[in-house]
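Participant: need a structure here:
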Amino acid sequence: MACIAGVDGTQWGKKGDWKMTKDEGAKLAKASQGSMLPISGVKYMIVNKSGDVFFGIKGDNALVVYPLKKCFLAAVGPKGNQGQLIEEIGKFADSLSKGGY
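Facilitator: Numbers count the residues shown, from 1 in each chain. Next up is the predicted model:
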């Protein structure tokens, strides 16, 4: 599951069963190492940052957050597929970044 949202937490779009309040979205937009971020009723701990992408974990699942200037992209999937999650949201992030988002 994945989403795109504004830096204020307003969800612009989603894929799958993504459930996020505006407050949760605003916290995701300000992701930092060590922060605890709730998504769809599950709290993920941000444990690492690589380039512009933050990684969180909870059990066997991973959260990937890609912040941009005016929005952010986030995705949740199996922990072993972090690379695929990054690749998928990275495609959109590149286009949005070029468009000034």
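Participant: helix/strand/coil for the spatially most central residue of the chain?
Facilitator: Centroid check for the chain by Cα atoms, centre = their mean gives A74 as the closest residue, at 2.1 Å. Under DSSP: H, G, I helix; E, B strand; the rest coil, A74 falls in the strand class.
Participant: number of nearby residues for the residue lying closest to it once chain neighbours are set aside?
Facilitator: Nearest non-adjacent residue to A74, counting by Cβ to Cβ, 6 or more residues apart in numbering: V65, 4.8 Å away. To be clear about C-beta, it is placed using only N, CA and C from the backbone, and glycine gets the same treatment. Neighbour count of V65, defined by other Cβ atoms under 10 Å: 25.
Participant: re the thing from before, list the residues that contact the residue nearest to the centre of the chain.
Facilitator: A2, C3, A5, L28, I39, L63, V64, V65, Y66, I89 (Cβ atoms under 8 Å, 6 or more residues apart in numbering).
Participant: list the beta-bridge partners for the residue lying closest to A2 once chain neighbours are set aside.
Facilitator: Computed as Cβ to Cβ, 6+ apart, the closest residue to A2 that is not its neighbour in sequence is A75, at 3.9 Å. Beta bridges link A75 to A2, V64 when assigned by DSSP bridges.
Participant: got the contact list for A75?
Facilitator: For A75, the contacting residues are M1, A2, C3, L63, V64, L85, E88, I89, by Cβ under 8 Å, 6+ apart.
Participant: do I have it right that the second one meets V76?
Facilitator: Spelled out, it's A2. Yes - proximity of A2 to V76 meets the contact threshold set by Cβ atoms under 8 Å, at 7.4 Å.
Participant: between those two, which has more neighbouring residues?
Facilitator: Neighbour count, other Cβ under 10 Å: between A2 and V76, V76 has more, with 21 against 18.
Participant: residues contacting that one?
Facilitator: Shown in contact with V76 (Cβ under 8 Å, 6+ apart): M1, A2, W18, I39, S40, Y44, N61, A62, L63, V64, L85.
Participant: can I get stretch 60-75 in PDB? Just the C-alpha atoms.
Facilitator: Taking only C-alpha atoms (Å, rounded to 0.1, in the frame of the first residue of the first chain), the coordinates of stretch 60-75 have been written out as PDB:
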ATOM      1  CA  ASP A  60       7.900  -8.100   9.100                       C
ATOM      2  CA  ASN A  61       6.800  -4.800   7.500                       C
ATOM      3  CA  ALA A  62       8.800  -1.800   6.300                       C
ATOM      4  CA  LEU A  63       7.700   1.800   5.800                       C
ATOM      5  CA  VAL A  64       9.500   4.000   3.200                       C
ATOM      6  CA  VAL A  65       9.000   7.700   3.300                       C
ATOM      7  CA  TYR A  66      10.300  10.000   0.500                       C
ATOM      8  CA  PRO A  67       9.800  13.700   1.400                       C
ATOM      9  CA  LEU A  68       9.800  16.400  -1.300                       C
ATOM     10  CA  LYS A  69       9.300  20.200  -1.100                       C
ATOM     11  CA  LYS A  70       5.500  20.300  -1.200                       C
ATOM     12  CA  CYS A  71       4.500  16.700  -0.600                       C
ATOM     13  CA  PHE A  72       5.700  13.200   0.300                       C
ATOM     14  CA  LEU A  73       5.400   9.700  -0.900                       C
ATOM     15  CA  ALA A  74       5.100   6.700   1.400                       C
ATOM     16  CA  ALA A  75       4.700   3.000   1.000                       C
END
